[in-house]
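1. Any chance you can model this:
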Amino acid sequence: MKAGRKTNYLEQLCSLTRRHLLVFVNSRMRVFFTLMVPFIIFVIYIFFLRRLELSTIAPIFEQYGLDMNSDPELQRYVYALIDSWMLSGIVAMCTITVSMQINTITVCDKENGINRDFTSSPVSSNILICSYFLANFIITFTVCMVFLVACFIYLAVLGELIMTVTAVLTVIGVLIFATVNGVLFTVFICSFVKRDATMASVITIFSTAIGFLIGAYMPMFMLPEAVQYVCGFIPGTYSCSLFRYAFMSDAIGEMSAYIMSVNPSGGAEIVASLTDSFGYNLNFFGVVVTPPYQVLALSIFTILLLVLNIVFGRNLTAVNGGGAKKIFGKKKKGGSKNG
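-> As a prediction, this is how the structure comes out:
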């Protein structure tokens, strides 16, 4: 009997998840814009931001008598550092922005009363909530994985993919961890959104601000002190740094060895200056947060978000305007009056 119930619950979960995935896939515009967002930022970086980032590095080498333009090997390492730093930040940002866009399915179901149809059937609210989580995770991970592969191809074509197989697997592991956290984060926020029009505004504001708040576009220490406080309480900040750790560790190691070989006296200072601005350690008010502590912080945030989603999960299946309760209330009132 219990085995039959478990099978029934699993079938319901799979059916509902498949339904949410089909809703996403059948909307070609939604699929197009979801895929295009990270690639638009990618193009903007290549044609505009890349030169700006490089211009901040050149003076560091000039202080020690080194010229990137006259040393192709040094130039390759610097480009690998900058590109890996920025692209890993964009991937981290996508685990949040893409998930936020997928939540429009949940909000539309809530606004149109489709949740009422689900919950009035034998499907339990818990299964429905889990199906929204699962569908969001599948879509977000797939989109981010597509963009991640594009990043690897871009770096490989330019000869800047300085990563071992272990590093690549670590990036994928971080992507799974960051996607789970990103989905929990955005679902919790969107559980309080009741209208599709409101959701559009939330997505616009969120997509604009989140890149700065997690340090995807610039090092954390360059932000105002008040903003740094806010960044410390956003889980994506730690996801972003962990992506950079996985992306850049091998490149920083090889670059450090090369710089030390061409400039033994000032090599350590050069590497320190570069990694302070374009490294993977977080720097909050002069306090350095290394990758092990970033993993710990992200784990704590993930558990906290899971608890919050369990507590407020019913908001995902709520129906706007009181839904069935309001209708039945009117009927009951009318019935007692006639009686």
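2. By mean pLDDT, flag the weakest helix or strand of this structure.
-> The weakest-scoring helix or strand in the chain, judged by mean pLDDT, DSSP states H and E, is helix 323-338 (a mean of 40).
3. where along the stretch 1-150 of the chain do the helices fall?
-> Ranges of helices within the stretch 1-150 of the chain are 2-26, 28-44, 50-62, 72-102, 104-111, 114-119, 125-157, based on DSSP state H, counting those that start in this stretch.
4. lowest-confidence stretch among those?
-> Sorting those by mean pLDDT places helix 114-119 lowest, at a mean of 74.
5. Buried residues of that helix, list them for me.
-> Neighbour counts using 16 or more other CB atoms under 10 Å place Ile114, Asn115, Arg116, Phe118, Thr119 of helix 114-119 among the buried residues. C-beta coordinates here come from the backbone N, C-alpha and C atoms, glycine included.
6. Closest one of those to Phe312?
-> Distance to Phe312, by CB to CB, is smallest for Asn115 among the buried residues of helix 114-119, at 15.0 Å.
7. so how far is Asp196 from that closest one?
-> Applying CB to CB, to the nearest Å, the value for Asn115 to Asp196 is 14 Å.
8. Same question for Leu13.
-> Applying CB to CB to Leu13 and Asp196 gives a distance of 25 Å.
9. More neighbours: those two, which one.
-> Leu13 (17 against 13; other CB atoms under 10 Å).
10. Enumerate every residue touching that one.
-> By CB atoms under 8 Å, 6 or more residues apart in numbering, the contact list for Leu13 reads Ile127, Cys130, Ser131, Leu134.
11. is it true that the first one touches Tyr9?
-> Spelled out, it's Ile127. Yes - with contact defined as CB atoms under 8 Å, Ile127 counts as touching Tyr9 (6.0 Å).
12. Give me the more crowded residue out of those two.
-> A direct count of neighbours by other CB under 10 Å for Ile127 and Tyr9 places Ile127 higher, at 19 against 15.
13. ok, now which ones touch the more buried one?
-> Contacts for Ile127 (CB under 8 Å, 6+ apart) come out as Tyr9, Gln12, Leu13, Leu16.
14. How about it: what's its closest non-neighbour residue?
-> In space, and not counting its chain neighbours, Ile127 is closest to Gln12: 4.9 Å by CB to CB, 6 or more residues apart in numbering.
15. Ok, Glu254 next?
-> Once flanking residues are discounted, Glu254 sits nearest to Ile162: 5.7 Å by CB to CB, 6+ apart.
16. and if you look at Ala216?
-> Spatial nearest neighbour of Ala216, excluding adjacent residues (CB to CB, 6+ apart): Gly89 at 3.4 Å.
17. what's the distance between that neighbour and Ser15?
-> Applying CB to CB, the value for Gly89 to Ser15 is 37 Å.
18. ok, now Leu184?
-> Separation of Leu184 from Ser15 (CB to CB): 23 Å.
19. what about these two, which has more around it?
-> Leu184 (24 against 12).
20. So which elements touch the helix or strand encompassing the more buried one?
-> Assigned by DSSP states H and E, Leu184 belongs to helix 165-190. Judged by 3 or more CB pairs under 8 Å, 6 or more residues apart in numbering; DSSP states H and E, helix 165-190 is in contact with helix 72-102, helix 104-111, helix 125-157, helix 196-213, helix 235-262, helix 291-312.
21. out of these, which comes closest to Arg50?
-> Nearest to Arg50 among the helices and strands packed on helix 165-190 is helix 72-102; the distance by CB to CB comes to 6.8 Å.
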